[in-house]
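K.L.:
for reference, the sequence and a predicted model appear below.
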Amino acid sequence: MTGFGVEVRDLTARYGSTTALDGVSFDLRPGVITGLLGRNGSGKTTFLSVLAAFRRRNGGTVLVDGEDPWENPRVMGGTCLIRESGDVILDEAITENLAFLEQRRPTFDRATAEALLDRFELDPAKRPDRLSRGQRSAFGVVVGIATRAPLTLLDEVHLGMDAPARYAFYDALLADWIEHPRTIVLSSHLIGEVERLLEDVVVIDRGTVLAAADATTLREQGRTVTGPVDAVEAFVAGRRVVARQTLGRTAQATVIGTEPDDEARARAAGLELGAVGLQDLFVHLTDRGAGEPAAALTPQESR
Ligand SMILES: Nc1ncnc2c1ncn2[C@@H]1O[C@H](COP(=O)(O)OP(=O)(O)OP(=O)(O)O)[C@@H](O)[C@H]1O
């Protein structure tokens, strides 16, 4: 199984007079973990809800594994959306939830679920509505991973989980995906934490797509330059600097855009060049300053 591919063209979704998605187009590659990044209210949950056929779109085309997901039992049966609330039966014990999933989901793996319950120290006799917020999120994670759906959509599932639990989640997700590759969409604000998991990235803002590309291509949209403070400042002079750090006499600056002679200049000045971090790029792309439109970068052309 390599997972479902997704094709989205001109997708529009509205809530009354609010346009949550405004002509969105991009693809999700099958078998790949894609990060869905966007600021609050940018349309991430709406997009994932349309993909999972939890809500109807107002316009455009969505194809999941080649078919419209709306009222499509085959596609819906292969799609698992876990939201912050966990998307589980709240007033039935965890064991009952597992039994239900085992019946309903042909790809659900009970042994994996039980191993993950142990890892997150969740008592199978407890009902999800009697768990703490972080524990309930962890149970959502258990369900999301163990269901092994060909299209797994994880919408801010880590909310309320403490750092050790989140890192256990990232490790478990990656390990399970390596063993059983499938299409996973991970929406998160903790970009620095999830960056290493992401092969592709989609950035949405105010219901439109700002970037959709593989993470390597996106990181090459800029540079981090590290070295002696004066040399770094000379290198970045006149360029768009989106982050700066100084430690004693050493500085690191992140610039957007690359120049053909960057390598040669860096070498001559004794500077180290690296790719830009997704977090810095995201802040740059979605920074509206005092109400200005989002910064223009067009990495989606690389698709
Ligand atoms: N049920 C609703 N009724 C009316 N407007 C809604 C509803 N749900 C979402 N919206 C609006 O649609 C837009 C997109 O919301 P959405 O929940 O998709 O964003 P998000 O990117 O998931 O945000 P967050 O990161 O804060 O969870 C926002 O402007 C939001 O106010």
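P.N.:
Yep, it's here. Numbers count the residues shown, from 1 in each chain.

K.L.:
going by C-alpha atoms from here, please, whenever you check contacts or count neighbours.
P.N.:
Will do.

K.L.:
spatially central residue in the protein, please.
P.N.:
Nearest to the mean C-alpha position of the chain, by CA atoms, centre = their mean, lies residue 35 at 2.4 Å.

K.L.:
wait, that residue sits on residue 193?
P.N.:
No: look at residue 35 against residue 193 with CA atoms under 8 Å: they stay out of range, at 11.5 Å.

K.L.:
parallel or antiparallel, list what pairs with the strand or helix carrying the residue nearest to the centre of the chain.
P.N.:
Using DSSP states H and E, residue 35 maps to strand 33-37. Sheet pairing for strand 33-37, assigned by DSSP bridges, gives strand 183-187 (parallel), strand 200-205 (parallel).

K.L.:
the longest one near the ligand anywhere?
P.N.:
When you say that, I think you mean strand 200-205. No: interface with the ligand: strand 200-205 contributes nothing (CA under 6 Å from any ligand atom), its closest point being 7.9 Å away.

K.L.:
and the angle for whichever helix or strand comes after that strand with strand 33-37?
P.N.:
Remark: after strand 200-205, the chain's next helix or strand is strand 208-214, criterion DSSP H and E. Interaxial angle, strand 208-214 versus strand 33-37 (axes from the mean of the first three to the mean of the last three CA atoms, to 10 degrees): 150 degrees.

K.L.:
name the helices or strands packed onto strand 208-214?
P.N.:
Where contact means 3 or more CA pairs under 8 Å, 6 or more residues apart in numbering; DSSP states H and E, strand 208-214 is packed against strand 18-28, strand 200-205.

K.L.:
could you pull out the strands for the stretch 201-303 of the chain?
P.N.:
Here the stretch 201-303 of the chain has its strands, by DSSP state E, counting those that start in this stretch, at 208-214, 222-228, 240-247, 250-256, 272-275.

K.L.:
quick one, domains of this protein?
P.N.:
Domains of the chain are assigned by the TED database as 4-215, 221-274.
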